[in-house]
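Undergrad: need a structure here:
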Amino acid sequence: MNPDRIIVRFDQGQVAEQVEGPVRRIIGFVKARNMLALFDAADLEANPRSAKAGPVTEAIIESIVETPETLPFKTKGVLVGSSDYEKLERNRYELNFQNSRIEGILDGGHNMLAIGTHILRLATGNEKLKPARWDAFKEAWIKHRDLVKALREDTSEDDGDGPLDFLVPLEILVPASLEDPAVMEEFSSSLLDICAARNNNVELKLDTKANQKGFYEDFRRFLPPAIESRVEWKTNDGGDIKVRDLIALAWIPLSVVDLPADDDGRQIDAPVPQNIYRNKGECVKLFDRLMSSPAVSKQTGGAYRHELHNAEVGSALEIAAQIPLLYDRIYRTFPEAYNDGTGRFGGLTVVKPAKDMRSKPTTHFTDQPVNYSYPDGLIMPLVYGLKCLIEKGPDGRLRWRTDPNAFLDACFPAIVKKYRVIMDAFRADPQKIGKNEGSYDLVVDAFETELLKRSAAAAAA
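TA: Numbering: from 1, shown residues only. Model (predicted):
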């Protein structure tokens, strides 16, 4: 149940229109009973932040129940965007959502979740019903839609004070002119900026905004499904893997790319190696600059969505999608390589053996059981060393110089043996190891040395 075309009816005498630049704003109060079609259509895909239940949604529901007459003045309501509309009679507007990625609910997701949950509680008679997130609410809404319809019909004869007659502020943004192509294009490209500005009660994270622009689409496509499905691509999306963790690691192959200038003409430089560990926010900012570059992506359909057209960057993202698997492999095998028969890894201060833990540790991206839990600062330089295994092919695309798993099978113990110098020098302090440039230099040298040995052995054979 996700119609592209819906009709919304404003309460009598409670609607006004304003026009400025490419945007026409339709604003007023709508009875909850006249918002049901919007719940049918809304999927919050256009909203940079997903809604989740909590104290905020419960407070909204309490206001609906206790003081519905002042609800419209306690909340900023719901913001909707649509690139196609028609004004009908009796304060009604028909909205046609042509692109759900940029149209639909732009702000007010928590209001929608709270109002929808309240309606479901009335329709089902279940006061304990509490969908945790928007996707769970939509499942419940679809399941009980007949009960919601029956509730609306049963209360349609109420004299304006029925359970679905409370007013909700609704703001609809549509193009100022449907006939002017330039206005239509400018309207579409402005929606994300409006979204970001309206979501000012919680700062819209740059990685969430980049996701809305489509900067992660190819990366998502390359990732193993078991990892992709666990990523929190936008705020409150429910994933247990942070997108910035992946973007930081993506700079390992991206640092091999001949980086272009950004859309302001400034040269883009890869982050210093230690910032992949200590400053993931900077990695996200640099990724946004890279993907915004005209040399890397272009806007599509006159909207703010971007499409990757740089083959070299695309090949780097394809390799980047494999890095989480290699990261987890290194995390899982590092203790054994470090021990080298000594068993001393479990005695390090920052290390927790699985046998001593109630909740058994797992790898970060693939959720595989491991024997130890320890901070990733201990291995980040080793993960960065994978950069040495990447080269540019004759076609300009990045590729592996050698199979990374086979290389780690053969060479990882020798690399870790050299790496112990850093571990000992910093007394296995993950912060000092992960933030020290020398840690990365030593590992790069160790990787290159092992590569030369393998090349020499292959030539001799």
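Undergrad: Which residues are in contact with the residue most central in space within the chain?
TA: By CA atoms, centre = their mean, the chain has its centre lying nearest to Trp233, at 1.6 Å. By CB atoms under 8 Å, 6 or more residues apart in numbering, Trp233 lies in contact with 208, 211, 216, 220, 239, 243. C-betas here are computed from N, CA, C, even on glycine.
Undergrad: residues of the longest helix anywhere in the chain that come out buried?
TA: Looking across the chain with DSSP state H, the single longest helix is helix 437-460. Across helix 437-460, burial judged by 16 or more other CB atoms under 10 Å covers 439-440, 442-444, 446-447, 450-451, 454.
Undergrad: Please apply the same query to stretch 135-150.
TA: So stretch 135-150, judged by 16+ other CB under 10 Å, has buried residues 137-138, 140-141, 144-145, 148.
Undergrad: Please apply the same query to stretch 397-405.
TA: Buried residues in stretch 397-405 (16+ other CB under 10 Å): 398, 400, 402, 404.
Undergrad: Need the mean per-residue confidence for that stretch.
TA: Stretch 397-405 shows a mean pLDDT of 97.
Undergrad: now do stretch 280-296
TA: Mean predicted confidence for stretch 280-296 is 92.
Undergrad: Distance from the chain centre to that stretch, please.
TA: In terms of CA atoms, centre = their mean, to the nearest Å, the centre of stretch 280-296 is set 15 Å apart from its chain centre.
Undergrad: Next: stretch 328-339.
TA: 29 Å.
Undergrad: what does it contact?
TA: 344-346, 351, 363-366, 368, 370-372, 374, 376, 378-379, 382-383, 405, 408, 412-413, 416-417, 420, 423.
Undergrad: redo that, cut-off 7 Å
TA: Residues outside stretch 328-339 that contact it (CB atoms under 7 Å, 6 or more residues apart in numbering): 345, 363-366, 368, 370-372, 379, 382-383, 408, 412-413, 416.
Undergrad: Selection in ChimeraX covering whichever of these are buried, please.
TA: Per 16+ other CB under 10 Å, the buried members of the contacts of stretch 328-339 correspond to this ChimeraX selection:
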select :345,363,364,365,366,370,372,379,382,383,408,412,416
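Undergrad: Low-confidence ranges, the stretch 301-450 of the chain, go.
TA: Counting by pLDDT under 70, the low-confidence segments of the stretch 301-450 of the chain come to 301-304, 341-343.
Undergrad: Quick one: the strands in it, in order.
TA: 306-308, 352-353, 372-373, 390-392, 398-400 (DSSP state E, counting those that start in this stretch).
Undergrad: Going along the chain, name the helices of the stretch 151-300 of the chain.
TA: For the stretch 151-300 of the chain, helices defined by DSSP state H, counting those that start in this stretch occupy the ranges 181-198, 206-213, 217-222, 225-228, 243-254, 275-278, 280-292.
Undergrad: Correct me if wrong, but Leu106 is in a strand.
TA: Yes: using DSSP: H, G, I helix; E, B strand; the rest coil, the assignment for Leu106 is a strand.
Undergrad: That one and Gly21, how far apart?
TA: 17 Å (CB to CB, to the nearest Å).
Undergrad: who has more neighbours, those two?
TA: Counted by other CB atoms under 10 Å, Leu106 and Gly21 do not tie: Leu106 has more neighbours, with 26 against 10.
Undergrad: Surely the more buried one and Ser82 touch.
TA: No: contact criterion CB atoms under 7 Å: Leu106 and Ser82 do not qualify, at 10.0 Å.
Undergrad: Now the spatially closest residue to Leu129 that is not a sequence neighbour: phi and psi?
TA: Once flanking residues are discounted, Leu129 sits nearest to Arg121: 5.2 Å by CB to CB, 6 or more residues apart in numbering. Recorded main-chain torsions at Arg121 are phi -60, psi -40, according to degrees, to the nearest 10.
Undergrad: CA-only coordinates of stretch 154-173 in PDB, if you can.
TA: Provided in PDB are the C-alpha atoms of stretch 154-173 (Å, rounded to 0.1, in the frame of the first residue of the first chain):
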ATOM      1  CA  ASP A 154     -17.500   4.800  12.500                       C
ATOM      2  CA  THR A 155     -16.600   8.300  13.700                       C
ATOM      3  CA  SER A 156     -17.400  10.200  10.500                       C
ATOM      4  CA  GLU A 157     -20.700  11.500  12.000                       C
ATOM      5  CA  ASP A 158     -18.900  13.000  15.000                       C
ATOM      6  CA  ASP A 159     -19.500  16.800  15.400                       C
ATOM      7  CA  GLY A 160     -15.900  17.700  15.000                       C
ATOM      8  CA  ASP A 161     -14.700  16.300  18.300                       C
ATOM      9  CA  GLY A 162     -14.200  12.700  17.400                       C
ATOM     10  CA  PRO A 163     -11.000  10.700  18.000                       C
ATOM     11  CA  LEU A 164      -9.700  11.500  14.500                       C
ATOM     12  CA  ASP A 165     -10.700  15.200  14.500                       C
ATOM     13  CA  PHE A 166      -7.600  16.600  16.100                       C
ATOM     14  CA  LEU A 167      -5.700  19.100  13.900                       C
ATOM     15  CA  VAL A 168      -2.200  18.600  12.600                       C
ATOM     16  CA  PRO A 169      -0.100  21.400  11.000                       C
ATOM     17  CA  LEU A 170       0.700  20.300   7.400                       C
ATOM     18  CA  GLU A 171       3.000  22.100   5.000                       C
ATOM     19  CA  ILE A 172       3.300  21.100   1.400                       C
ATOM     20  CA  LEU A 173       6.000  22.300  -0.900                       C
END
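Undergrad: Name the residues that touch that stretch?
TA: Contacts of stretch 154-173 (CB under 7 Å, 6+ apart): 8, 11, 23, 25-33, 35, 64, 68, 71-72, 75-82, 93, 95, 115, 119, 122, 151-152, 194.
Undergrad: I'd say Lys418 and Val444 touch.
TA: No: Lys418 lies out of contact with Val444 (CB under 7 Å); the separation is 11.2 Å.
Undergrad: any idea how far Asp40 is from Phe97?
TA: For Phe97, the distance to Asp40 - CB to CB - is 11 Å.
Undergrad: Which one of those two is surrounded by more residues?
TA: Using other CB under 10 Å, the more surrounded residue of Phe97 and Asp40 is Phe97, with 25 against 17.
Undergrad: and that one, how far is that from Leu38?
TA: Applying CB to CB to Phe97 and Leu38 gives a distance of 10 Å.
Undergrad: mind checking the end-to-end distance for stretch 23-40?
TA: 25 Å (CA to CA, to the nearest Å).
Undergrad: An error on my part: the question was meant for stretch 174-184.
TA: Stretch 174-184: ends 9 Å apart by CA to CA.
Undergrad: any idea of the mean pLDDT in that stretch?
TA: 90.
Undergrad: Run through the stretch 1-150 of the chain and note the low-pLDDT ranges.
TA: 1-3, 42-50.
Undergrad: At which residues are the strands of it located?
TA: Under DSSP E, counting those that start in this stretch, the stretch 1-150 of the chain gives strands at 5-9, 15-20, 23-31, 78-81, 84-87, 92-96, 104-107.
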